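Asker: Next come a sequence and a model predicted from it.
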Amino acid sequence: MHAEERRQAVLKVIEESENPVSAASLAARFSVSRQIIVGDVALLRAAGAEISATPRGYLVLKNNMGITGRIACQHSAGEMEDELNAIVDQGCTVEDVIVEHPIYGQLTGPLHLTSRYEVSQFISRSAKEDARPLSNLTEGIHLHTVTCPDEDAFRRVKEKLRELGILLEN
């Protein structure tokens, strides 16, 4: 299989998957190194493919029914799990985290968390890697892009975050 054929096959696998696909699993499937896959994805993105890299792998975000909104939050690193669970418990997806950095401007970290299990895995991986959340750069202030099935679910997310003292409001 030539490189361009492999890249198109990689894109097809990612597009057809309902869940993130890791570079390691793609490497095994196509009998190449993980680094070759990372390069393939970079070239696909440069060519316009809408591939998002999440902590669990690559995915193409589907245009789901529902609404997408942004919420502003502020909390300590120790409250991150409560915050994320409050969002997914309302049937919503935490698409990303966004912070405003004084040197680099807007920094966005894709998350695509849809369940308590995924939140738990994310928190465990953060602890294992001793990784600090992006919000540590901004005294806990950050945004999340959230996809919800409807306005009512989005309202419930804001209500739960308000109850936790996490929602940043005027």
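Answerer: Thanks, I have it.
Asker: all contacts plus neighbour counts: C-alpha atoms, from now on.
Answerer: Fine.
Asker: Please, which helix or strand holds Leu143?
Answerer: Per DSSP states H and E: Leu143 is located in strand 141-148.
Asker: So what are the sheet partners of that strand and their directions?
Answerer: Sheet pairing here is set by DSSP bridges, and for strand 141-148 it gives strand 67-74 (antiparallel), strand 93-101 (antiparallel).
Asker: Which stretch among these is buried most, on average?
Answerer: Counting by mean count of other CA atoms under 10 Å, strand 93-101 has the highest mean neighbour count of those, with a mean of 19.
Asker: Which residues outside it are in contact with it?
Answerer: For strand 93-101, the surrounding residues in contact (CA atoms under 8 Å, 6 or more residues apart in numbering) are 84, 87-88, 106-115, 134-135, 137-138, 141-148.
Asker: got a list of what Cys73 touches?
Answerer: Residues counted as contacts of Cys73 (CA under 8 Å, 6+ apart) are Gly140, Ile141, His142, Leu143, His144, Ile166, Leu167, Leu168.
Asker: I'd like to know which of the residues you listed is nearest to Pro20.
Answerer: His144 (19.1 Å; CA to CA).
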